[in-house]
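J.: When you get a sec, could you give me coordinates for this:
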Amino acid sequence: MLSIPQGMWSLQVFLMLVTVISCLQPAKDEFTNQAKMRPLQRVKRRWVITTLKLIEEDPGPFPKFAGELFNNMDYNESLIYIISGPGVDEPPVGLFSIEDNQNGKVYVHSSIDREEIQSFVVRFDIIESSTRKAVDTSLFFIVKVGDINDNAPQFAEEEFNITIKESHHLDNPIFQVEAVDLDEKQTPNSEVSYSLVSQVPLNKGNGFYIDQSSGEILLSGCLDYEAVQLFKLLIRANDHGEPPLSSTATVNIVVEEGNSHMPVFTKEDYKIQVSEGQIQQEVLRLLVQDHDSPFTPAWKAKYKILHGNEEEHFNIVTDPGTNEGILNIIKPLDYENLPDKKLVIVVENEEPFSSCEKDQFGNGTSTATVNVEVIDTNDPPQFHPPNFIVQEVDGAGPGIQLGRYNATDPDGNSKNIRFRLVHDPASWVTVDELSGVVTTVKHVDRESPYVNNSFYTIIVYAIDDGVPPQTSTGTMMLFLSDENDNTPILVKPFMEVCKIEQNASLLVEAEDKDLDPFSGPFTFKLDDSSGNIKDTWKLGNNFGYSVELLMVRSLPNGNYSVPFIILDKQGFFKKQMLYVRLCSCLNGITCIESSMAFVGLGGAAIILICVAFMLLAVLSKRHKESTY
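T.: Modelled structure (predicted):
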């Protein structure tokens, strides 16, 4: 017998759905095989079904009559009813039986839990008692177990923890609870309704309610973080059975602060006076009030000049300690152009403002007006333009007018402006005090160390006669166009190298102070007029600004002079000498012997030393000839 918990029988009579599945072909068992042996004849269905009663948790006593089936045949035979299938000879075994095989009365032997088994598919057969032959096709029927309200709705958790913003909108659910009832679906026993049992704390205007059918929890009023940060709700779920069953769950709601309060200026109109022509910090402080928690993004203010600062004379920043707006002048004002300004300043928070009420978002801003009166002062002269370029050829002499400085006085006294030269590092020019005309007094030289990328800078002051006098600065950039007045020269006229093998190369570099097209790439040649140089040296690859110098034969350590001719792109050249010292090096880098006498000397000093040696040689030769 199946062990199933005992329950109560319902007073209602539950009519079980009996679905008769007729097998049109003979059953595949011994009874069917016997039936096949009978002559083929037309058989009319003869099963008759009465009411079957089966309710879950029936307390008994057992066995208990459940229902009866009949089979009316038109011949006289001794018939036996046989029942089989789940609940009989299949698990749960022994739940159903036919006590008297001579009739179709069905009995149940124990209580049933519908939540474990909702229905049974049972087979009925009727056979002749002596021959054991089937006299009709098998009857299959479904027996459903009648439900009683023995399960209360159950929440997934006993306690839920959620977090919401204080600006959560009233129309949006904050959370949804769900309780599941295991009783039969789409019956009152499993239909669930929800209700709010309690709310802690119960504050006026800060309430919650729950939709009884969906379980959605909604706000009945806006939240206020500053008032309450935590709510505890007790929710009940009831089914609709008889009697109704219920369960409860707790919902803990943590309120996060949002920007629910706009910053508001404590004063809406300001008047200030500022002097023209000055940059000034903190000309005004603007205070706002905000009821959100201090030093949070919902409290921190952001200021912006909405109107009146099109020329960007002002900026406004936030004081992080006081939340005030600090107005600064970052570009001098001009009384002559505009004696007064009207600034419209707006303020908002770092976190966007939002409200729990529908259509109450707004832009979260408050405005203040600042009227700025500009006080007239003595303005400095203005150059037109303050920086300009003039061009002259390299080497131009004295007396050439390079250009003219133009300056005016915004205060209207342009005739009283005086010009003064303040930057002329090479002392090349003079400036007329009244007219501002710049004239050369010396030859100009593009190769001067004061010239940078062919530009020479001349700076002049314009000074008015106001009280106190004001000064402004004008800059002339003198561009010197190049001439071919420099020849290519060796970058290093002396080379000290460790002894190298035959055909090994030295890299010789040259430079030219002129610009293109009066400079490189260069053409390198050895001067054959200075002895039989080809027996000792030759040139290798030309790289434009350098060339390879190779030894034709192995040379002993010593000092060597290599005559060079280096031509620029225009063929302009000058003969020059490269001095090479070959020496022995233990480390492959530094010569062992002391440096040559001309190491560290300039090119002219080296030439003089060489000439002195030559003169000594000539005098010695003549002395020997006179002796003979």
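
J.: going forward, measure contacts between C-alpha atoms and count neighbours the same way
T.: Noted.

J.: show me where the stretch 1-150 of the chain has strands.
T.: Counting by DSSP state E, counting those that start in this stretch, the stretch 1-150 of the chain has strands at residues 21-22, 47-49, 64-71, 79-84, 96-98, 104-108, 119-128, 139-144.

J.: Am I right that residue 422 is in a strand?
T.: Yes. When classified by DSSP: H, G, I helix; E, B strand; the rest coil, residue 422 is found to be part of a strand.

J.: Would you confirm that it contacts residue 457?
T.: No. Applying C-alpha atoms under 8 Å as the test, residue 422 and residue 457 come out as separate, 10.8 Å apart.

J.: And those two? Which one has more around it.
T.: Between residue 422 and residue 457, counted using other C-alpha atoms under 10 Å, residue 457 has the larger neighbour count: 17 against 12.

J.: Show me what the more buried one is bridged to.
T.: residue 477 (DSSP bridges).

J.: Begin at 38, not 1, for the rest of this chat.
T.: Sounds good: first residue 38 from here, last item residue 494.

J.: how close does it get to residue 209?
T.: The gap separating residue 494 from residue 209 is 71 Å, by C-alpha to C-alpha, to the nearest Å.

J.: domain ranges for the chain?
T.: The chain breaks down by automatic domain parsing into domains covering 58-181, 191-293, 301-412, 419-518, 526-633.

J.: any chance of the ones you listed in TSV, with mean pLDDT too?
T.: Formatted as TSV, the domains of the chain follow (pLDDT from 0 to 100):
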stretch	mean pLDDT
domain 58-181	68
domain 191-293	90
domain 301-412	89
domain 419-518	90
domain 526-633	82
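
J.: still on that earlier bit, of the strands of the stretch 38-187 of the chain, which approaches residue 362 most closely?
T.: Closest approach to residue 362 among these (C-alpha to C-alpha): strand 156-165, 77.2 Å.

J.: Let me know the angle separating that closest one from strand 141-145.
T.: Using axes from the mean of the first three to the mean of the last three C-alpha atoms, to 10 degrees, the interaxial angle of strand 156-165 with respect to strand 141-145 works out to 140 degrees.

J.: Around residue 626, how many other residues sit close by?
T.: The number of residues packed around residue 626, counting by other C-alpha under 10 Å, is 11.

J.: so what's it up against?
T.: Residue 626 makes contact with 534-535, according to C-alpha atoms under 8 Å, 6 or more residues apart in numbering.

J.: Residue 320 too?
T.: If a contact means C-alpha under 8 Å, 6+ apart, then residue 320 has 309, 311, 363-366 as its contacts.

J.: top of those by neighbour count?
T.: Ranked by neighbours (other C-alpha under 10 Å), the contacts of residue 320 are led by residue 364, which has 22 neighbours.

J.: how close does the nearest residue to that one once chain neighbours are set aside get to residue 408?
T.: With sequence-adjacent residues excluded and distances taken as C-alpha to C-alpha, 6 or more residues apart in numbering, residue 364 is closest to residue 353, at 4.5 Å. With distances defined as C-alpha to C-alpha, the gap from residue 353 to residue 408 amounts to 15 Å.

J.: More neighbours: those two, which one.
T.: Legend: neighbour count by other C-alpha under 10 Å for residue 353 and residue 408, higher for residue 353 (22 against 16).

J.: Now for the more buried one, which secondary structure element holds it?
T.: Secondary structure here is read from DSSP states H and E; on that basis residue 353 sits in strand 351-355.

J.: what's the following helix or strand after that strand?
T.: strand 362-366.

J.: which residues are contacting that following strand?
T.: Residues from elsewhere that reach strand 362-366, judged by C-alpha under 8 Å, 6+ apart: 315-324, 339-340, 350-356.

J.: Next, the angle strand 351-355 makes with that strand.
T.: Our comparison of strand 362-366 with strand 351-355, counting by the same axes, to 10 degrees, yields an angle of 150 degrees.
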